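Engineer: dropping the sequence and predicted coords here.
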Amino acid sequence: MPGKSPWKMAAGAAAIVLLAAGCSGSTSEDTESLPNSISIGIVEPSSLVPSNTVEANGSQVLASLFYPLVRFDAKGAPYPVAAQSITADKQKRVWTVKLRPGFTFSNGEPVTADNYVNAWNYGAYGPHAQDASYFFKRIDGYADLQGKDADGDGPQKPGEPKAKEMRGLKKVDNLTFRVTLTEGFAGWASVMGYDAFYPLPKAAFSGEGELKKDFGEAPIGNGPFKIKGKWEHDEKIVVEQVADFKGTVPKVAAITWKIYQDLGAQYADLVAGNLDVETKIPIESLGSASGDLGNRLGKSPSSAFHFVGFPVYEQKYKNPDVRRALSMAINRGEMTDQVFLGAETPANGFVSPVVNGARPNACGEACEYNPTKARQLYTAADGPKDIKITYNVDGGHKAWVDAMCNQIKASLGINCTGVGEPKLKTLLDKVRAKQDVGLIRLAWTMDYPLMESYLGPLFTSDGSSNYYGYKNSTFDSLVRQGSAATDTAQAVKLWREAEDILVKDMPVLPLRFGQNVFGYSERVTDVTMDPFQKVDIYAIDIAG
Amino acid sequence: MFRYIVRRLLQMVLTFFGATFIVYALMFANVDDPLQALAGDRPITDSQRAVLEARYHLDDGFFTQYWHYVSGLLTGDFGQSLTGRPISEMLAQAWPVTVRLALFAIVIAAVIAVGAGVLSGIRRGGAFDTATLVLTLLVLAMPIVVLAPLAQLVFGIQLGWFPPTATRDANLYELLLPALVLGTLVVATELRVTRTSVAENLRADYVRTARAKGLAPKRVIGVHVLRNSLIPVITLIGVDIGALMSGAVVTEGVFNIPGVGFNLLRGIRTEDGPLVVGFVSVLVIVFLVINLIVDLLYAALDPRIRYE
């Protein structure tokens, strides 16, 4: 072998390499877009099974494949879509859903009450470990579908649940079913607009109550689009219109959900004209975005709520005056303008303005920047001379935490430091152990457009995300009464009263409300985004 | 030769298990709550946590978990990512594009490096030599986190010569820009090594002998000098192939190529132990095989080297 010409070998090797590199090169040409199809950028969804989808990307794709029971108008009030009517008894405990007749799944199966009942029972069943199962919590019998963990967090595995079907979910006839809740809840119609409440066709199930393993790879829905082929992981999901769809017919014939790992790459494609819609312009591109996109840059409110919580178990933060003084010491508008370049808006309440019943200035004076008054109040209340704000470093929070600290230093003349924890988990573990972490960086997005979706989990004594230990029994009972109120106006009134208590107690500092900052190409028009961070696929159209 | 290969293969088995064990242990130490990392800011219910922990053996001790993993591996089962996707499928989807990108980059880099390196080695101290010296310094000083977005902005968006992103089934043209960027990682070193090696061999005794025999200068350089000069370069190129496959994290991210680098980054970010270990296991094999091939090629290029 040494005697043979090494040049021939090298040339041969190079040829093989180039051949290998080029061999599958021609396959990308067949995705040439149809004249009436558009592309929208997303990040790889974590799942496309409705009851397992809790993040915006999967939710966005599902919105094209499924048709929800209700959608929401501009004010956040629900109106029936796939349902013909949704009625409740006087106590708002027993809800009757009547489906619109004539709808089919994209595989031809008619949509019946059974499809809803089976899908919801699947989602609620504990051992299926579906991420969105907590949405079914209010339905009577949900608890029986969860395995009891006899020894709490101990080594013993939870046992088999008592039941496989929720007792509160009953089919009445082919197109009607009844939902019984554990207690009255006026906002239930809004809850049913969420992804977890989509129906599943018979074809989705492999056996009694068991989903086919690969259903999530190519979901079959009752929506205006059907999936073409299957989910091409890390690459794209193509959906095309269903022939003679009975509901609202979208204006575009097909949507390619292009999957990006990196928002910057997505932005590059948008500017170069290879992508029609980017739903989240990366913050580092915001400076140049108005130049790059001109009037094709849009903003709309989203439901995100950013705040820092006070560890109310700490003696030094016990006095509400200290907390209110800190709130008045920070300039929210400066932070959103300078750090977030207008991508977020200052928060002046505890409930995002996208929700029905939220008031534009619920917090009033307590959330306005007033350094003189803040200093007086703070000195009078003898607040701590040294405070910390703890945040998780993997979320890009350092810049604004530092800015906030500088504002506090300047307004109150005390020392303030930002402390980074590697992950949110490590931060929350310290909070649970009641360690001295100072103020805690937190955020929330709503599950359904009701004030309760903020007030309940964040501030009630047993709220799932009330990490800072805020307790106020009057507040708790107002929220509960609001949930049980028989009409929406009454509920909103009670919830507003509850929010007023928060303004007085100030258990957290409301900082910013999120916005969708999106951009689109010259090919498309009528691009709008809803508070759920989704593009309205029914409104979007091809330009010209 | 045969015995040498067998010995190396046996060593590879040991190295492979040692490496995966270390990576597994490191991931195990780094991971504290992958389920929460996956769920983001949202709380997980206790019953859901219990089911998921049992499914992914998260509640077992380290050695039990490692045993589950290795016994799966020996039967060809890489396990499941924490997002529920089979890792073997993810590997099969990610590797082709990364291999193509890395090979493409190495071909570009090697052609430039050897061509320019030989020229500047022959005319040492000339204008071309000085120019390449400055250029290579520039390329070496430029980190890829700067170079990749810059190339994308200038050539992809402003000039519009190349598509700014590539996909899994990208053709050669779409891969050209990422490959050029990736190639800069190695081209400078390869060029400098070629140049030095050529310059050194030009003064070697056998070259003087060849010249004294009256051989044509073309033959002296093309056969005698080049063949001996390329030995260190080939070694370097071989090792670089491995480095490029694992080192494409930034490039793949910027150009949106769903390959190995991207999956590694995602696995680390979401504390997805099985995903990281799966990809690293394959990377280890690639490194081992490439090193073996390079060593064998050594013997082919240099008759003085013999493996017993």
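Structural biologist: Yes, it's here. Numbers count the residues shown, from 1 in each chain, chains lettered A, B, ... in the order given.

Engineer: neighbours of whatever residue of the stretch 51-200 of chain B ends up closest to chain A, how many?
Structural biologist: Relative to chain A, the nearest point of the stretch 51-200 of chain B is B:Asn171 (3.3 Å; CB to the nearest CB). Placement of C-beta: from N, CA and C, glycine included. B:Asn171 is flanked by 20 other residues according to other CB atoms under 10 Å in any protein chain shown.

Engineer: A:Val238: helix or strand, and which one exactly?
Structural biologist: Using DSSP states H and E, A:Val238 sits in strand A:236-241.

Engineer: state the mean pLDDT of that strand.
Structural biologist: Across strand A:236-241, the average pLDDT comes to 94.

Engineer: helices of the chain, start to end?
Structural biologist: No chain specified, so I'll use chain A. Assigned helices in chain A, in chain order: A:6-22, A:56-65, A:113-124, A:188-191, A:263-271, A:286-293, A:320-329, A:332-338, A:371-381, A:398-412, A:424-432, A:452-459, A:473-484, A:488-505 (criterion: DSSP state H).

Engineer: hmm, I had chain B in mind actually
Structural biologist: Along chain B, counting by DSSP H, helices occupy B:2-30, B:34-39, B:46-55, B:62-74, B:87-122, B:127-141, B:144-151, B:172-202, B:205-212, B:217-219, B:226-246, B:249-254, B:260-269, B:273-301.

Engineer: which of the ones you listed sits closest to A:Lys226?
Structural biologist: When the helices of chain B are compared by CB to CB, helix B:87-122 sits nearest A:Lys226, at 23.5 Å.

Engineer: which residues touch residue 76?
Structural biologist: Because you didn't say which chain, this covers chain A. Counting by CB atoms under 8 Å, 6 or more residues apart in numbering or on different chains, A:Gly76 touches A:Ser190, A:Val354, A:Val355, A:Asn356, A:Pro449, A:Pro531.

Engineer: I was thinking of chain B, sorry if that wasn't clear
Structural biologist: Applying CB under 8 Å, 6+ apart, the residues near B:Gly76 are B:Ser88.

Engineer: ok, now how distant is it from A:Tyr378?
Structural biologist: As judged by CB to CB, to the nearest Å, B:Gly76 and A:Tyr378 stand 65 Å apart.

Engineer: out of the helices of chain B, deepest packed?
Structural biologist: Comparing these by mean neighbour count (mean count of other CB atoms under 10 Å in any protein chain shown), helix B:249-254 ranks first with a mean of 24.

Engineer: any chance of a markdown table for the helices of chain B, columns distance to A:Ala119?
Structural biologist: Shown next, in a markdown table, are the helices of chain B (distance: least, CB to CB, whole Å):
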| stretch | distance to A:Ala119 |
| --- | --- |
| helix B:2-30 | 36 |
| helix B:34-39 | 22 |
| helix B:46-55 | 18 |
| helix B:62-74 | 32 |
| helix B:87-122 | 26 |
| helix B:127-141 | 57 |
| helix B:144-151 | 44 |
| helix B:172-202 | 41 |
| helix B:205-212 | 79 |
| helix B:217-219 | 77 |
| helix B:226-246 | 43 |
| helix B:249-254 | 37 |
| helix B:260-269 | 30 |
| helix B:273-301 | 30 |
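
Engineer: list the buried residues of the strand holding A:Val238.
Structural biologist: Using 16 or more other CB atoms under 10 Å in any protein chain shown as the test for burial, strand A:236-241 gives A:Lys236, A:Ile237, A:Val238, A:Val239, A:Glu240, A:Gln241.

Engineer: can you count the residues close to the spatially closest residue to A:Gly102 that is not a sequence neighbour?
Structural biologist: Nearest residue to A:Gly102 in three dimensions, chain neighbours excluded: A:Lys246, at 5.2 Å (CB to CB, 6 or more residues apart in numbering or on different chains). Around A:Lys246 there are 16 other residues, counting by other CB under 10 Å.

Engineer: wait, A:Lys246 sits on A:Leu99?
Structural biologist: No. Under the contact definition of CB atoms under 8 Å, A:Lys246 does not touch A:Leu99, with a separation of 11.3 Å.

Engineer: measure the residue of the stretch 201-308 of chain B found nearest chain A to A:Asp402 for me?
Structural biologist: Nearest residue of the stretch 201-308 of chain B to chain A: B:Pro258, at 3.4 Å (CB to the nearest CB). The spacing between B:Pro258 and A:Asp402, counted by CB to CB, is 35 Å.

Engineer: what sits against A:Cys405?
Structural biologist: A:Ile389, A:Cys416, A:Thr417, A:Gly418.

Engineer: what does the pLDDT read for the nearest residue to the second one once chain neighbours are set aside?
Structural biologist: In this structure, A:Cys416 finds its nearest non-sequential neighbour in A:Cys405, 3.9 Å apart by CB to CB, 6+ apart. At A:Cys405, the pLDDT value in this model is 94.

Engineer: please report how far A:Cys405 lies from A:Asn370.
Structural biologist: 18 Å.

Engineer: residue 83: neighbouring residues, count only.
Structural biologist: Just so you know, I chose chain A. Around A:Ala83 there are 23 residues (other CB under 10 Å).

Engineer: hmm, no, I was thinking of chain B.
Structural biologist: 16.

Engineer: narrow the contacts of A:Cys405 to those that are buried.
Structural biologist: Of these, these count as buried by 16+ other CB under 10 Å: A:Ile389, A:Cys416, A:Gly418.

Engineer: quick check, nearest of those to chain B?
Structural biologist: Taking the buried ones among the contacts of A:Cys405 together and measuring to chain B by CB to the nearest CB, the closest member is A:Ile389, at 17.1 Å.

Engineer: which residues touch the closest one?
Structural biologist: Counting by CB under 8 Å, 6+ apart, A:Ile389 has contacts A:Val308, A:Val401, A:Met404, A:Cys405, A:Cys416, A:Thr417, A:Gly418, A:Val419, A:Gly438, A:Leu439, A:Ile440, A:Arg441.

Engineer: follow-up on the earlier one: what would the helices of chain A look like in JSON lines with distance to B:Met12?
Structural biologist: JSON lines is the format used below for the helices of chain A (distance: least, CB to CB, whole Å):
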{"stretch": "helix A:6-22", "distance to B:Met12": "22"}
{"stretch": "helix A:56-65", "distance to B:Met12": "41"}
{"stretch": "helix A:113-124", "distance to B:Met12": "47"}
{"stretch": "helix A:188-191", "distance to B:Met12": "57"}
{"stretch": "helix A:263-271", "distance to B:Met12": "37"}
{"stretch": "helix A:286-293", "distance to B:Met12": "50"}
{"stretch": "helix A:320-329", "distance to B:Met12": "61"}
{"stretch": "helix A:332-338", "distance to B:Met12": "56"}
{"stretch": "helix A:371-381", "distance to B:Met12": "67"}
{"stretch": "helix A:398-412", "distance to B:Met12": "44"}
{"stretch": "helix A:424-432", "distance to B:Met12": "38"}
{"stretch": "helix A:452-459", "distance to B:Met12": "53"}
{"stretch": "helix A:473-484", "distance to B:Met12": "64"}
{"stretch": "helix A:488-505", "distance to B:Met12": "64"}
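
Engineer: before we move on, back to that, ok, of the buried residues of strand A:236-241, which one's closest to A:Pro80?
Structural biologist: A:Gln241 (22.5 Å).
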